[in-house]
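**Q** next input, structure requested:
(chains A and B)
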Number of protein chains: 2
Amino acid sequence: MKKLINRPETFLEESLLGFAAAHADMLALDPEFRFIRRRILKPGKVALVSGGGAGHEPLHIGFVGRGMLDAACPGQIFTSPTPSQIHAAMQAVDTGAGTLLIVKNYEGDVMNFDMAADLAAEMGGGRIARVFVDDDVAIKPSQQSFGRRGVAGTVIVEKLLGAAAEQGRDIDALQALAAHVLPRIRSMGVALNPCTMPAVGRPTFELGPDEIELGVGLHGEAGVRRAPLSSADGIAEELLDCILRELPAPRHAPVLLLVNGFGSTPMMELYAMSHAARTGLERHGFAVARHAVGSFATSLDMAGCSITVAWLDDDMIRLWDAAVETVAFRWG
Amino acid sequence: MKKLINRPETFLEESLLGFAAAHADMLALDPEFRFIRRRILKPGKVALVSGGGAGHEPLHIGFVGRGMLDAACPGQIFTSPTPSQIHAAMQAVDTGAGTLLIVKNYEGDVMNFDMAADLAAEMGGGRIARVFVDDDVAIKPSQQSFGRRGVAGTVIVEKLLGAAAEQGRDIDALQALAAHVLPRIRSMGVALNPCTMPAVGRPTFELGPDEIELGVGLHGEAGVRRAPLSSADGIAEELLDCILRELPAPRHAPVLLLVNGFGSTPMMELYAMSHAARTGLERHGFAVARHAVGSFATSLDMAGCSITVAWLDDDMIRLWDAAVETVAFRWG
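**A** Numbers count the residues shown, from 1 in each chain, chains lettered A, B, ... in the order given. Model prediction:
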């Protein structure tokens, strides 16, 4: 295992110290390493809290800031944050307008965010709402009791809800918006090489020298099938076919195309995949109205990418375009 | 070789098409694929043109935009852009105040940018000035007839000169600024794993399973020495020792710390290295006034990182902080 680390036991803390020091102008690290938060909160705004296992950076800590999250809780690598960790973040960023929890749909994450919400309710805080992101089309809900996984589409959910919260929408409006946008965001990934967790020291799965894993999860979970390595165009077409089967968008609908690198895929390949996916979507009759290309929801050093297609409406376009100031997304 | 590509022959063009489509709001791709340019130029501003072999993205195309470059010319992977390509970019973005060429100090790049400048001079255009970036301390000037290589410090040079040009400084002032900042920016890198060029299909060099290359170049060139893999702290200390020997900064001087991933190094490792380098610099008596952590000057899918230390003064801090709107750097 070749990594730039000291010891697996201190890796997360050292990484968070590096992150907090580099972005100290706008973000702060809880002294007990439980969460990253905005330095300046906006009173009267619904607080947005997310989190999940570390190893997916910039998700979630890189999306804390004006126009997106108020706080993010990193668990150990690929491990859910604890309920007390999440609860501490909720307390730290609550300004009285309620709290929205954005949770990727994994059993451990859902359980721990639920327990944190229960803790907060017991202490008599404000309203709490929960959003479970399940954009990955690779696993059918029938195949897994817990339903679909949340993957790179989470970034879009955090951006849209974050912009709406910043505009002053209340917690009911945000929950309605979440119910509207979640079925319109669909993703699927492909791995070319596995990742290696520092505490484990060997790859999370094995792939032959010319083999790829279609439908891979964000932690290297098995997907739809193993296949021989094909071309960028061929891979994009297969991912889009699976995505579009589950996306009820009419032809000519405007879409957001997000091409997400898993950690060790060079930008040249991500942009070549973006080209392949855009031309593929256009062949299917869609208009790519917005793009995002980069490594946003990663799996340590896994090679490969995912494609996310979000069916936009005017409100979603305005929310996507709205000003944002985080480590990973900055515009407007 | 596992890559998300169609054919090596069309990879650069497809990647540029993907890049241009994703950033069409602010950038445009020359129809002959010769350069990426700002859509809107600022009349009366000195034009900044850079470029170099592809494979280092986001360098240089990701640094085109308000506050940095006016145009960037991507050559084929790890291959200099041609003189006619550079000359075409110079013509496209010249608004009459002269042109500054920012060139990484490699023989092929210097030769082709020089020939482009000669072409432009023959056609009787405005003033042309050249800046050769040579921040890599790994190779001593005496070891290589051509002098030191330009590596990740190039990003800082482009940011500072870009901000100064945007403020309206003239070409003489920019050249004086370049002469002031270049000796204050020093870098060194370490590779954990090599990269693979699509047209070659095998790794650019070989490393044992626990071996690293200290002082590696941006194309996987050999560096100072092979060494066994050590800790993040140990690697940071060795890189800083080499860098600080060549940096005439006094104790307590404010510095910019740039930790640059080579392409396949996860953000968690880069931030852990940033933490190691920051604490190392503080032990040496320096104050880290500004940070930049990310994959800015890459070498396709090479694993590892470089550290750059820039000795700042008040003018440089203001130029670094100035508003910038490019794909890779956006703030202010």
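
**Q** in the stretch 51-200 of chain A, which spans are strands?
**A** A:71-77, A:99-104, A:128-133, A:185-193 (DSSP state E, counting those that start in this stretch).

**Q** tell me if stretch A:280-295 is near chain B.
**A** Yes: using Cβ under 8 Å from any Cβ of the partner chain, we find that stretch A:280-295 touches chain B at A:288, A:291-293, A:295. Where C-beta positions appear, they are placed from N, C-alpha and C, glycine not excepted.

**Q** what's in contact with that stretch?
**A** With Cβ atoms under 8 Å, 6 or more residues apart in numbering or on different chains as the contact definition, stretch A:280-295 has outside contacts at A:58, A:155, A:233, A:236-237, A:240, A:244, A:249, A:251-263, A:265, A:267, A:270-271, A:274, A:278, A:309, A:312, A:317, A:320-321, A:328, B:18-19, B:21-23, B:267.

**Q** scan the residues of stretch A:280-295 next to chain B and report the most crowded one.
**A** A:Ser295 (27 neighbours; other Cβ atoms under 10 Å in any protein chain shown).

**Q** A:Arg130 is in contact with A:Leu101, correct?
**A** Yes: contact criterion Cβ atoms under 8 Å: A:Leu101 and A:Arg130 qualify, at 4.8 Å.

**Q** which neighbours do those two have in common?
**A** Common neighbours of A:Leu101 and A:Arg130 (Cβ under 8 Å, 6+ apart) are A:113, A:117.

**Q** of the two, who's got more company?
**A** Higher neighbour count among A:Leu101 and A:Arg130: A:Leu101, with 24 against 16, using other Cβ under 10 Å.

**Q** dig out what the more buried one forms beta bridges with.
**A** Beta-bridge partners for A:Leu101, by DSSP bridges, are A:Val49, A:Arg130.

**Q** state the distance from it to A:Cys73.
**A** 10 Å (Cβ to Cβ, to the nearest Å).

**Q** can you pull the residues that touch both of these two?
**A** Counting by Cβ under 8 Å, 6+ apart, the residues touching both A:Leu101 and A:Cys73 are A:49-50, A:86.

**Q** which one is A:Asp233 nearest to, not counting chain neighbours?
**A** A:Ala276 (4.8 Å; Cβ to Cβ, 6 or more residues apart in numbering or on different chains).

**Q** count of neighbours near that neighbour?
**A** Per other Cβ under 10 Å, the neighbour tally for A:Ala276 reads 27.

**Q** what's the angle from the helix or strand it falls within to strand B:71-77?
**A** Element membership for A:Ala276, per DSSP states H and E: helix A:267-283. Between helix A:267-283 and strand B:71-77, the angle comes out at 100 degrees (axes from the mean of the first three to the mean of the last three Cα atoms, to 10 degrees).

**Q** distance between helix A:267-283 and the chain's centre?
**A** 20 Å (Cα atoms, centre = their mean, to the nearest Å).

**Q** just the buried positions in it, please.
**A** A:267-281 (16 or more other Cβ atoms under 10 Å in any protein chain shown).

**Q** contacting residues around A:Ile139?
**A** Per Cβ under 8 Å, 6+ apart, neighbours of A:Ile139: A:148-149, A:215, A:217, A:223.

**Q** repeat that for A:Gly126.
**A** By Cβ under 8 Å, 6+ apart, the neighbours of A:Gly126 are A:94, A:96-99.

**Q** apply 6 Å and report the result again.
**A** A:Gly98 (Cβ atoms under 6 Å, 6 or more residues apart in numbering or on different chains).

**Q** that's all I had, so thanks and see you.
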